[in-house]
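Q: Let's see this in three dimensions:
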Amino acid sequence: MNKKVLTTRIAVTAMMLALCIVSQIFKNLSVYITGPIINACLIITTLLGGGVCGSILAVITPVTAYFISGSPIISVIPAIMPCIMGGNLILVWATAVFFRKIRKNYGVIIGITVGSVLKALFMGGVISLILIPNLLPAKMLPKKAVFQFTFSGVQLITAAIGSFFAFNIWLVVKKVFAGANVCEK
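A: Sure, this is the predicted structure:
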């Protein structure tokens, strides 16, 4: 990999991380704003920088989100944090694999669709059906259904919205980076 490509990948990852951090500051407004932005950043970073760059963002963003806006449920069930990372990694690697195998727009569409569904299923299964029912303290039981929907249905919705935005942004951005040979081959 040449120095220009490496520098571009690092710059793209850093810019997407900065955008994620800014969006996380507004997380208390709505998860339906922050979630799609984070998912779109994960996808765009993966398409422009490859699976490794997307993975870096997938692991860092849940940590920055926790420190920026806090989360009462993650405070009482810390095992949720690696599960969020895992869900993000599933989205990133589904996108990377299908994009790499099918170097066309429909490869991106298949990857982000499969990734969004698998992310929601993974997080819904592990967090909503295993961790929350077994580890939620009694004082938080009245919010159990809300937490479960947040880590299942909301994940699918925000991943789908983020995928829509990412694909449309990708259609424009790939023309800019086409000559730079940035995208993983």
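Q: I'd like to check what contacts stretch 29-42. Which residues are they?
A: Surrounding stretch 29-42, the residues in contact under the criterion CB atoms under 8 Å, 6 or more residues apart in numbering are 16-17, 19-20, 23-24, 26-27, 54, 57-58, 61, 65, 88, 91-92, 95, 116, 150, 154-155, 157-159, 161-163, 165-166, 169. C-beta here means a position set from N, CA and C on the backbone, and glycine is covered the same way.
Q: Any of those residues buried? List them.
A: 16-17, 19-20, 23-24, 27, 54, 57-58, 61, 65, 88, 91-92, 95, 116, 150, 154-155, 157-159, 161-163, 165-166 (16 or more other CB atoms under 10 Å).
Q: rewinding a little: from the contacts of stretch 29-42, which ones fall inside strands?
A: Among the contacts of stretch 29-42, no residue falls in strands (DSSP state E).
Q: Give me the subset of these lying in helices.
A: 16-17, 19-20, 23-24, 54, 57-58, 61, 65, 88, 91-92, 95, 116, 150, 154-155, 157-159, 161-163, 165-166, 169 (DSSP state H).
Q: Can you find the helix or strand in the protein with the smallest mean pLDDT?
A: helix 72-76 (a mean of 85; mean pLDDT, DSSP states H and E).
Q: dump the residue contacts of residue 88.
A: 42, 57, 58, 59, 61, 62, 119.
Q: Identify the residue spatially nearest to the third one, adjacent ones excluded.
A: Think residue 58. Distances taken as CB to CB, 6 or more residues apart in numbering place residue 88 nearest to residue 58, at 3.5 Å, with adjacent residues excluded.
Q: distance of that neighbour from residue 20?
A: 11 Å (CB to CB, to the nearest Å).
Q: Show the low-confidence segments of the chain, by residue range.
A: 1, 178-185 (pLDDT under 70).
Q: And the residue nearest the centre of it?
A: Geometric centre of the chain, nearest residue: residue 39, 3.8 Å, by CA atoms, centre = their mean.
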